[in-house]
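Novice: structure of the sequence below:
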Amino acid sequence: MKYLISNIVFMLLFSSMSIAQTYKNPLDISFGDPYILKTSSGKYYMYGTGGVKNGFLVYSSSDLKEWKAEGTAYSNEQKNAWGEHSFWAPEVYEKDNKFYMFYSAQWKVNPTNELEKFNIGVAVSDSPTGPFIDVSGEPIFDPGYPIIDANVFWDNGKVYLYYSRCCYKNPVKSEIADWAKWKGIFEEVEESWVYVVELKKDFSGVIGKPILLLQPPTQMNTDEWESRSVTSKEVGRRWTEGSVIFKKNDIYYMMYSANNFDGQNYAIGYATSSSPLGPFKKSVHNPILQKEGLVTGTGHNSITYDVANEKMLCVYHGRTEKTGHDRMVFIDEMEVLEDGRLIIHGPSHAE
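Specialist: Residues are numbered from 1 along each chain as shown. Presented below is the predicted three-dimensional model:
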């Protein structure tokens, strides 16, 4: 009996450890905004911000643990390139035996010399390793303000593009903005917001007008974690960005990141809706991933699945004392509990 109990305790401890330390975090890949595509063949390809000028690198893996550098997947040194610099947040989707990369960059068309003239484009390739070539010489659409962080979602025969309006020139009235001005910290507080718009099925443009889905709270004591970049006197901006959506048990889950991507308070929350077009309600359990122990700056995640397609995995970037200011890739298990709550078993750290 004693032997049986010892075995049970060991199994429970091993199970707990296997959840917390599924992958040796951080991976030896310095990416911001990491995105992992699991292809129809079962092989994995990772893309992210950084590592090459004016483009994107790609890594491949068969098990999510050992990764091979495959070189540059996208470069703006091509005839259709519309981006000038600031190439960020690539996501790649497999469709009809082709691969489509959605990404953000500074648009060359900038007659008023805006500091942030960011937009979203799409490039196509016959291979997940590229080369990806822009489908046209311009972004998908121009909403009249800078946008980043594309996420594409198919639902009931329609295609939706989720994106974030940049903070740039978007000062917003709120209690936190009034507080920051009263304290003499910041004259104004700019914000970024998450929108959705329907995409044409060939990705050549959009259908209808964008719908606002998520933005920072207007009250001081609501979702306090989303205002820490301001309350810590770091910067006069509040972000709602890096959205990624999935559907589970007829509920649409939108994960998003808040606070400064370049700071320690970057963190992940989520909101739910009965429709991909919202309205979305933020979880009372937010944030579901934030700095802990030696790991800080945890955010801008994507979602993939393990080799057996049984476990949902959260792919995100973070920093450690050892890696310094470089953003590194982390992978941890995530799951939807029976009560509908979304949790991430992280940040785990194996250094």
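
Novice: for stretch 282-302, buried residues please.
Specialist: For stretch 282-302, burial by neighbour count (16 or more other CB atoms under 10 Å) applies to 282-283, 286-291, 295-302. Yep, even glycine has a C-beta here, placed from its N, CA and C like the rest.

Novice: elements contacting the helix or strand hosting Ser243?
Specialist: In this assignment (DSSP states H and E), Ser243 forms part of strand 240-248. With contacts defined as 3 or more CB pairs under 8 Å, 6 or more residues apart in numbering; DSSP states H and E, the packing partners of strand 240-248 are strand 147-155, strand 158-165, strand 193-199, strand 206-214, strand 251-258, strand 296-305.

Novice: got those strands as TSV, with distance to Phe99 columns?
Specialist: As requested, those are arranged in TSV below (distance: least, CB to CB, whole Å):
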stretch	distance to Phe99
strand 147-155	12
strand 158-165	16
strand 193-199	16
strand 206-214	21
strand 251-258	23
strand 296-305	15
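
Novice: before we move on, back to that, and which of the buried residues of stretch 282-302 is nearest Met255?
Specialist: Nearest to Met255, judged by CB to CB, of those is Asn301 at 6.0 Å.

Novice: roughly how far apart are the closest one and Val194?
Specialist: 14 Å (CB to CB, to the nearest Å).

Novice: please apply the same query to Gly263.
Specialist: As judged by CB to CB, Gly263 and Val194 stand 20 Å apart.

Novice: just want to know which of those two has more residues nearby.
Specialist: Neighbours per residue (other CB atoms under 10 Å) separate Gly263 from Val194, with Val194 holding more: 26 against 17.

Novice: picking that back up, so which of the helices and strands packed on strand 240-248 is nearest Asn110?
Specialist: In this view, the helices and strands packed on strand 240-248 are compared for proximity to Asn110 by CB to CB, and strand 147-155 is the closest at 14.3 Å.

Novice: centre of the chain to that closest one, how far?
Specialist: What separates the centre of strand 147-155 from the centre of its chain is 10 Å, taken as CA atoms, centre = their mean, to the nearest Å.

Novice: check stretch 234-249 too.
Specialist: Relative to the centre of its chain, stretch 234-249 is centred 7 Å away, using CA atoms, centre = their mean.

Novice: now stretch 105-121
Specialist: Chain-centre distance of stretch 105-121: 21 Å, with CA atoms, centre = their mean.

Novice: would you mark the buried spots in that stretch?
Specialist: Going by 16+ other CB under 10 Å, stretch 105-121 has these buried residues: 105-107, 116-121.

Novice: export those residues as TSV, with columns for pLDDT.
Specialist: Shown next, in TSV, are these (pLDDT from 0 to 100):
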residue	pLDDT
Ala105	98
Gln106	98
Trp107	98
Glu116	98
Lys117	98
Phe118	98
Asn119	98
Ile120	98
Gly121	98
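
Novice: can you list the weak-confidence ranges in the stretch 251-351 of the chain?
Specialist: Applying pLDDT under 70 to the stretch 251-351 of the chain flags residues 351.

Novice: would you map the helices across it?
Specialist: Taking DSSP state H, counting those that start in this stretch, the stretch 251-351 of the chain contains no helices at all.

Novice: give me the contacts around stretch 332-347.
Specialist: Among residues not part of stretch 332-347, those counted as contacts by CB atoms under 8 Å, 6 or more residues apart in numbering are 19-20, 22-23, 25, 248-249, 251, 253, 255, 268, 270, 272, 283, 285, 288-289, 291-293, 295, 298, 303, 311-314, 316, 318, 330, 348.

Novice: run the last query once more with 6 Å
Specialist: For stretch 332-347, the surrounding residues in contact (CB atoms under 6 Å, 6 or more residues apart in numbering) are 19-20, 22, 248, 253, 270, 288-289, 292, 295, 298, 311-312, 314, 318, 348.

Novice: tell me how far it lies from the chain's centre.
Specialist: Mean C-alpha position of stretch 332-347 versus that of the full chain (CA atoms, centre = their mean) differs by 17 Å.

Novice: got it, and stretch 229-242?
Specialist: Centroid separation for stretch 229-242 versus its chain: 17 Å, with CA atoms, centre = their mean.

Novice: and it, end to end?
Specialist: Counting by CA to CA, to the nearest Å, the length from the leading to the trailing residue of stretch 229-242 is 16 Å.

Novice: stretch 109-120 now?
Specialist: From the first residue to the last, stretch 109-120 extends over 13 Å; the measure is CA to CA.

Novice: my guess is Val315 contacts Ile331. True?
Specialist: Yes - using CB atoms under 6 Å, Val315 is in contact with Ile331, at 5.4 Å.

Novice: hang on, the earlier thing: so what touches the strand holding Ser243?
Specialist: Applying CB under 6 Å, 6+ apart, the set of residues contacting strand 240-248 from outside is 149, 151, 153, 162, 164, 192-194, 214-216, 253-257, 300, 302-303, 336.

Novice: please measure how far the first residue of stretch 23-30 sits from its last one.
Specialist: 16 Å.

Novice: average pLDDT for it?
Specialist: pLDDT averaged over stretch 23-30 equals 93, rounded to a whole number.

Novice: out of the helices and strands packed on strand 240-248, nearest to Glu66?
Specialist: Across the helices and strands packed on strand 240-248, Glu66 has its closest neighbour in strand 296-305 (15.6 Å, CB to CB).

Novice: and the contacts of the closest one?
Specialist: Contacts to strand 296-305, defined as CB under 6 Å, 6+ apart, come from residues 33, 35-36, 38, 242, 244, 246, 257, 264, 266, 268, 289, 313-316, 318-319, 347.

Novice: next, the angle strand 147-155 makes with that strand.
Specialist: Here the directions of strand 296-305 and strand 147-155 differ by 30 degrees (axes from the mean of the first three to the mean of the last three CA atoms, to 10 degrees).
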